[in-house]
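J.: Any chance you could fold what I've pasted below:
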Amino acid sequence: GNLDDPIFGQVSAGFGTRFLLSKTSPDFAEETVCDSVKLRLAYSGYYGVPGEDFQVQVAPLEEALIDTLPYYSNHQFTVGDLIADTVIALGPQDTVYNGVDSLVGFMAFDLDPSYFQENIFDAAINGETYLADNEDFVAAVPGLYFKDASNGNPAAAYFDLSNAGSAIQMYYHTGEDDTI
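T.: Numbers count the residues shown, from 1 in each chain. Prediction:
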């Protein structure tokens, strides 16, 4: 969130996180194209009124997160170009469809497929070794940084990234066949 509190002043929140491959050493045909990428985050809680808009921005991290280091609120992450810049309403009771089930309590929006085309699909097609295990993967693709770029809205949300429903889902096709 990005709160403008009359007592405490401006409070901005963002977070960096890594993501892991659900399957290592993916095997894609040379003509594989990433069509779209959907991000789902499970709400863990919120402050404010549901329905308030957020301007959510997502950018790739350019530095690896280190498990043994503490990261404080004044840490400035080095990030790349935005892969999402969207306005979405705070909706802790919103329902999203994951392709199999309807899930309640998730924020969902699209990410730029070109980032995933380059770092996952093209990397796999070109035989990059960092896709062989998640340790090498997070060293090469450090993760994502999320922030609310709104101007002092009266709401904030927090998320459960370890929830099984929190995911990045990539849709792609190889030749004529669509796949997930």
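J.: partners of the longest strand along the chain, with directions?
T.: The residue-count maximum for a strand in the chain (DSSP state E) belongs to strand 32-47. Strand 32-47 pairs in its sheet with strand 106-111 (antiparallel), strand 156-160 (antiparallel), strand 167-174 (antiparallel), by DSSP bridges.
J.: residues making contact with the last one?
T.: Under the criterion C-beta atoms under 8 Å, 6 or more residues apart in numbering, residues 19, 28-29, 31-40, 98-99, 111, 113, 116, 120-121, 178-180 lie in contact with strand 167-174. Just so you know, the C-beta spots here come from the backbone N, C-alpha and C atoms, and that holds for glycine as well.
J.: of those, buried ones?
T.: Using 16 or more other C-beta atoms under 10 Å as the burial test, those include 19, 28, 32, 34, 37-40, 111, 113, 116, 120-121 as buried.
J.: Let me know the closest of these to Asn163.
T.: Set against Asn163, the nearest of the buried ones among the contacts of strand 167-174 by C-beta to C-beta is Arg40 (9.1 Å).
J.: if we can go back for a sec, closest one to Thr68 among the strands paired with strand 32-47?
T.: Here strand 156-160 is closest among the strands paired with strand 32-47 (C-beta to C-beta), at 23.0 Å.
J.: Run the chain-centre distance for that closest one.
T.: Put simply, strand 156-160 sits 13 Å off its chain's centre (C-alpha atoms, centre = their mean, to the nearest Å).
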